[in-house]
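Asker: Kindly generate the corresponding structure for this input.
(one chain, ligands or ions: 1)
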Amino acid sequence: MNPRFFDRRSFFELIKGAAVILGLSSSGTIGAVALRQSNGREKDAHSQKATAIKPASPETLLLKDYRPQSLYKIQVTKTSKAKFPIIDMHSHPYPRSESEIDQWVRTMDEAGVEKTIILTMATGGEFDEIRKKYAKHPERFETWCGLDFLDYDKPGFGPLAVKELERCREAGARGVGEIHDKGKGLRSGKSNAVGMHPDDPRMDAIWEKCGELGMPVSLHVADPIWMYQKMDKHNDGLMNAYYWRLDNQPNIVGLSGMVDIFERTLARHRNTTFIACHFMNLDYDLTRLGEVLERNPNLYADIAARYAETAPIPRFAAQFYAKYADRLVYGTDMGFDKPMYEITFRILESQDEHFYEIEQFGYHWALNGLGLSDDILKRVYLENAAKILTRRRKLSRGVAAKKPLSSCAQLDSRGRLSPHDARQSTI
Ligand SMILES: [Zn+2]
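Answerer: Below is the predicted model of the structure:
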């Protein structure tokens, strides 16, 4: 789960929480814009309080309430369906019912998402339960398991964790993730290994087994740079960073140290494919991520939940996408509502400038479209993911072969999308 996940609901819950602390009504805490947008009935019901908390003056307006609206008369692109078919390599079991899963499938159809990888972070009965829920849609979802870190500090941990990994593989897990280490040690869902990092020798047998079983590993290290900075007027990502702050966490390995740890892990386990979640949190220093990718052929990076961090630097980010188009995979990690997908398409595909998505991402800053070429989009949306999943099938020969990963998009022998209009081929 992306710890920075801001969907609209959670963001407004956060705002409402702040309202409770301040003793304000929820309808009046979102700021002037929300007050203007609230309907008349709500206004009447809260008229007294709403009057009491009329829009703040610039002297008292808080950054969290800042909702600028772009006035530029420029292109605004509405992209309801991705330009090419997609495999979403980073999502989670968000739906709470079967009907919500069915709704998700319908949304995927509308958005052009062929398949979604559910990173369950779970093992044992919990994994089995989640897997069962998605079994009705075997072509549309893959469920990946977590790792069991129970007894990580006791002898025999490695073999026990490997045994559970094999059991999950037998039960249908096709990969591992999302495994976190934000500097305190590894975590898989509720299972913690305080002080044990991915390059710890105790992890060697497990990472090796992942490679042997053809299970790619989705690994999230660190968090965005702004979370480590002082929470003061110089912090560029303050509004989001303060919510997920790490600057007040003692004895954690910093962002750079976690990247080093990840690299040592990659070097030791060349037969295991790793997917660094969220640009390895090097979205602020893509040059370094490029160097890490070049040194480590067993590494891919997903772009999940780092749209807001790359959209402020569209030209530099687009150059990075062009250079490493074979190593980046699409991901979301932000729930399963349609507008969420549309925002990602707008950022990747359009050339729009200076637009805001504060409720989705939690940053106050404006975004820009990257305007990626069709060739790059095809690779990031689907082809690279297809390569990972195909390689995995080859590695796991002996385990019952599954149907082709994509029921619609046709890939040639090089794993490239067929040259026909991919939009016609989506489900
Ligand atoms: Zn996640």
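
Asker: Would you check that W104 makes contact with K338?
Answerer: No - look at W104 against K338 with CB atoms under 8 Å: they stay out of range, at 10.1 Å. All C-beta atoms are positioned from the backbone trio N, CA, C, and that covers glycine.

Asker: More neighbours: which of these two?
Answerer: The neighbour comparison of W104 against K338 (other CB atoms under 10 Å) goes to W104, with 22 against 15.

Asker: Report how many residues lie close to S350.
Answerer: S350 - counted by other CB under 10 Å - has 19 other residues nearby.

Asker: Equivalent analysis for G183, please.
Answerer: Residues near G183, counting by other CB under 10 Å: 20.

Asker: Begin at 36 from now on, thanks
Answerer: With the count now opening at 36, the last piece we talked about shows up as G218.

Asker: For it, give me its contacts.
Answerer: The neighbours of G218, taking CB atoms under 8 Å, 6 or more residues apart in numbering as the test, are A257, L281, Q284, I287, V288, G289, L290, G292, M293.

Asker: What backbone torsions are found at the fourth one?
Answerer: Torsion angles at I287 (phi, psi; degrees, to the nearest 10) stand at phi -100, psi 150.

Asker: Give the full set of residues in contact with it.
Answerer: Contacts of I287 (CB under 8 Å, 6+ apart): K217, G218, K219, L281.

Asker: Distance-wise, check it relative to the ion.
Answerer: 19 Å (CB to the ion, to the nearest Å).

Asker: quick one: which helix or strand includes L106?
Answerer: Following DSSP states H and E, one finds L106 outside all helices and strands.

Asker: Against the ion, how distant is it?
Answerer: L106 is 35 Å from the ion, by CB to the ion.

Asker: Local confidence estimate at that residue?
Answerer: For L106, the pLDDT comes out at 95.

Asker: which stretches of the stretch 86-235 of the chain form strands?
Answerer: Taking DSSP state E, counting those that start in this stretch, the strands of the stretch 86-235 of the chain run over residues 121-126, 148-154, 176-179, 211-216, 220-223, 226-229.

Asker: For these, give me JSON lines that also has mean neighbour count, distance to G246 and mean pLDDT.
Answerer: Output for these, formatted as JSON lines (neighbours: other CB atoms under 10 Å; distance: least, CB to CB, whole Å; pLDDT from 0 to 100):
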{"stretch": "strand 121-126", "mean neighbour count": "27", "distance to G246": "18", "mean pLDDT": "98"}
{"stretch": "strand 148-154", "mean neighbour count": "26", "distance to G246": "18", "mean pLDDT": "98"}
{"stretch": "strand 176-179", "mean neighbour count": "24", "distance to G246": "15", "mean pLDDT": "97"}
{"stretch": "strand 211-216", "mean neighbour count": "27", "distance to G246": "11", "mean pLDDT": "97"}
{"stretch": "strand 220-223", "mean neighbour count": "22", "distance to G246": "18", "mean pLDDT": "97"}
{"stretch": "strand 226-229", "mean neighbour count": "18", "distance to G246": "20", "mean pLDDT": "94"}
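
Asker: which stretch among the ones you listed comes nearest N316?
Answerer: When these are compared by CB to CB, strand 211-216 sits nearest N316, at 11.0 Å.

Asker: what about the closest residue to the ion within the stretch 286-435 of the chain, which SS state?
Answerer: Distance from the ion to each residue of the stretch 286-435 of the chain (CB to the ion) is smallest for D368, at 4.1 Å. Put simply, D368 is coil when judged by DSSP: H, G, I helix; E, B strand; the rest coil.
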